[in-house]
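**Student:** Attaching a predicted model along with its sequence, questions to come.
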Amino acid sequence: MGRLFGTDGVRGVANEELTPQLAMQLGQAGAYVLSRENNHKPTIMVGCDTRISGDMLANALMAGACSVGANAVYVGVIPTPAIAYLTKKYKVDAGVVISASHNPMEFNGIKFFDGNGYKLPDALEDEIEHLIRTDMKDVKFPIGAGVGKVKYRTDAREEYINHSKKAIDSNLSGLKIVVDCAEGASYYTSVEALKDLGANVIAIHTNPDGCNINANCGSTHMEELKARVVAEKANIGLAFDGDADRLLAVDENGKMVDGDQIMAIVGNYMKDQGKLNGNTIVVTVMTNLGFLLSCKEHDITVEQTKVGDRYVLERMKEIHASLGGEQSGHVIFLDDNTTGDGLLSALHLLEVLVETGKPLSELAKIMKVLPQALVNAKVPNHKKESYMEYPEIADAIAELEKKFAGQGRVLIRPSGTEPLVRVMIEGVDQAQIEEEAKKLADLIQDVML
């Protein structure tokens, strides 16, 4: 059996792979590992996105936490970054989010934050996993007054909104904004925050029913948002994913602005304001080459990590960077929060629009986006890490790297959250790189199935 934790917690199809039993075990092991250093009764804060399976898994997880003597605070539907912030603010021992982010509604996930609001390092996840695999060996289960209880609060999201609004000083009253909330966790928080700051907000996909999260909307399906921005003659469009830890934008002409471009725009503005620590931005190896060239031109240092916002965050903490993130829209403003935060990303981007008076299309010209082709190969989940062990795949990758040397790059990696191997090729000719990426992805899929 492969590792239980991926790059963003434990994920799987709810009630099939991610069962209530596994959620309960994660609650038991997580509460025990994250609070054992304390001499008080520990408290775990739990929130979820809008998936229909959220309540089922949240209650199972809280039952597990209570069974090892921890209390739980359930704050209901709330963005992932809100749990990260509130865990630290309320001084609880750990936070848990029940969400599968941008994945389809049948999936769900469980991710933990420590008492300081940070995602767990691999070592702590390994300890949690070990306890589950050994059936909670040597853990004592209390009885009587020793078991935990669940408290329900409905005011937590307001605390997060108020915190987020303090991140910028700008008044947004001059902006017309179309916001796509993906039928997800941001359906209330993002809309209220933007309205409170004076923006004229046109909100779409704000009626979650448990089954429509990410369905042809949000940051994974931006066609409707692009068209709506143009039709409404709006200044900008904002697209969140299901748990609102990522943001992509649309300029006034209906053209997408991705995470790399957002970081280039905001990073350069922060540098000019003296707020970009070390004049450094931390990104991953998937970052577009155009971003690297733009930063070089503007005297901004770039640090690169392997794919995953957790690795970006680790490096940011090591070098005390204030900005980092991924092309996918996970952007971390470490002075404001401890994880990727779609609402904070939106507010900081909007601040640049207001303070410079420039349209987003002009701001986005700070970097030239080089063509990229990303094609997914569907493979068995337990095999996805071992793709280089197949000689025909290894040979094909080597041949492609040789072909694009000096005029592009080839990056192959297994998905941290899905049964996929991702093939990314960057180059000059879009048609050529798409053809080569599809050819390699087909080969990987055929060989490994």
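**Tutor:** On my side now, so go ahead. Residues are numbered from 1 along each chain as shown.

**Student:** Assign a three-state SS to G210, would you?
**Tutor:** Under DSSP: H, G, I helix; E, B strand; the rest coil, G210 falls in the coil class.

**Student:** got the contact list for it?
**Tutor:** T50, R51, I52, G54, M105 (Cβ atoms under 8 Å, 6 or more residues apart in numbering). In short, each C-beta sits where N, CA and C put it, glycine included.

**Student:** Repeat that for Q261.
**Tutor:** Contacts of Q261 (Cβ under 8 Å, 6+ apart): A249, F291, A364, I366, M367, V369.

**Student:** Next, count neighbours for I236.
**Tutor:** 23 (other Cβ atoms under 10 Å).

**Student:** Show me what it is bridged to.
**Tutor:** I177 (DSSP bridges).

**Student:** average pLDDT for whichever helix or strand V283 is part of?
**Tutor:** Using DSSP states H and E, V283 maps to strand 280-284. For strand 280-284, mean pLDDT rounds to 97.

**Student:** Most neighbours of all the contacts of Q261, which one?
**Tutor:** Using other Cβ under 10 Å as the neighbour criterion, A249 leads these with 29 neighbours.

**Student:** out of the contacts of G210, what pair is the most spread apart?
**Tutor:** G54 and M105 (10.2 Å; Cβ to Cβ).

**Student:** Excluding covalently adjacent residues, which one is nearest to M367?
**Tutor:** S294 (3.6 Å; Cβ to Cβ, 6 or more residues apart in numbering).

**Student:** do the same with E418
**Tutor:** N103 (7.1 Å).

**Student:** Output the below-cut-off pLDDT ranges for the protein.
**Tutor:** Along the chain, segments meeting pLDDT under 70 span 1-2, 37-38.

**Student:** gap between the residue nearest to D196 when sequence neighbours are not counted and G357?
**Tutor:** Leaving aside its sequence neighbours, D196 sits nearest to K165 (Cβ to Cβ, 6+ apart; 6.0 Å). For K165, the distance to G357 (Cβ to Cβ, to the nearest Å) stands at 22 Å.

**Student:** Same check on T19?
**Tutor:** T19 is 53 Å from G357, by Cβ to Cβ.

**Student:** now G117
**Tutor:** 35 Å.

**Student:** just S186 next, same as before
**Tutor:** 27 Å.

**Student:** higher neighbour count, the two?
**Tutor:** S186 (37 against 9).

**Student:** Please report phi then psi for that one.
**Tutor:** phi -90, psi 10 (degrees, to the nearest 10).

**Student:** need the contact list for it.
**Tutor:** P79, F240, A244, G342, L343.

**Student:** Give me the number of neighbouring residues for the nearest residue to S53 once chain neighbours are set aside.
**Tutor:** Nearest residue to S53, sequence neighbours excluded (Cβ to Cβ, 6+ apart): A14, at 3.6 Å. A14 has 23 neighbours, counted by other Cβ under 10 Å.

**Student:** ok, what's across the strand from A14?
**Tutor:** Here A14, judged by DSSP bridges, has bridge partners L18.

**Student:** Could you double-check that it sits in contact with L57?
**Tutor:** Yes. Shown here, A14 and L57 form a contact pair, counting by Cβ atoms under 8 Å, at 6.6 Å.

**Student:** now the helices: where do they sit in the stretch 251-400 of the chain?
**Tutor:** 259-272, 289-297, 309-319, 342-356, 360-363, 391-404 (DSSP state H, counting those that start in this stretch).

**Student:** right, I mislabeled it, should have said the stretch 101-250 of the chain
**Tutor:** Going by DSSP H, counting those that start in this stretch, the stretch 101-250 of the chain shows helices at 122-133, 156-165, 189-196, 223-232.

**Student:** gap between the second one and the chain center?
**Tutor:** Same thing as helix 156-165. 19 Å (Cα atoms, centre = their mean, to the nearest Å).

**Student:** and the angle for that helix with helix 189-196?
**Tutor:** 50 degrees (axes from the mean of the first three to the mean of the last three Cα atoms, to 10 degrees).

**Student:** Against which helices or strands is helix 156-165 packed?
**Tutor:** helix 80-89, helix 189-196, helix 342-356 (3 or more Cβ pairs under 8 Å, 6 or more residues apart in numbering; DSSP states H and E).

**Student:** And the helix or strand following the first one, what's buried?
**Tutor:** For helix 80-89, the succeeding helix or strand toward the C-terminus, using DSSP H and E, is strand 94-98. For strand 94-98, a neighbour-count test (16 or more other Cβ atoms under 10 Å) marks A94, G95, V96, V97, I98 as buried.

**Student:** Could you do stretch 302-320 as well?
**Tutor:** Quick answer for stretch 302-320 (16+ other Cβ under 10 Å): 302-303, 305, 307-316.

**Student:** Repeat that for stretch 383-394.
**Tutor:** K383, K384, Y387, I393.

**Student:** Give me the contacts around that stretch.
**Tutor:** 2, 379, 397, 412, 414-415, 419-421, 443-444, 447-448.

**Student:** Let's see that with 10 Å instead.
**Tutor:** Residues from elsewhere that reach stretch 383-394 (Cβ atoms under 10 Å, 6 or more residues apart in numbering): 2-3, 377-379, 396-397, 412-416, 418-423, 440, 443-444, 446-449.

**Student:** May I have the distance across that stretch, first residue to last?
**Tutor:** Across stretch 383-394, the terminal residues are separated by 15 Å (Cα to Cα, to the nearest Å).

**Student:** Mind giving me the packing neighbours of the lengthiest helix in the chain?
**Tutor:** Across the chain, the longest stretch assigned as helix under DSSP state H is helix 430-448. Under the contact criterion of 3 or more Cβ pairs under 10 Å, 6 or more residues apart in numbering; DSSP states H and E, helix 430-448 touches strand 372-378, helix 391-404, strand 409-414, strand 420-426.

**Student:** returning to what we had before: need the max-distance pair from the contacts of Q261.
**Tutor:** A249 and F291 (15.2 Å).

**Student:** Domain map for this structure?
**Tutor:** 10-154, 159-366, 372-448 (automatic domain parsing).
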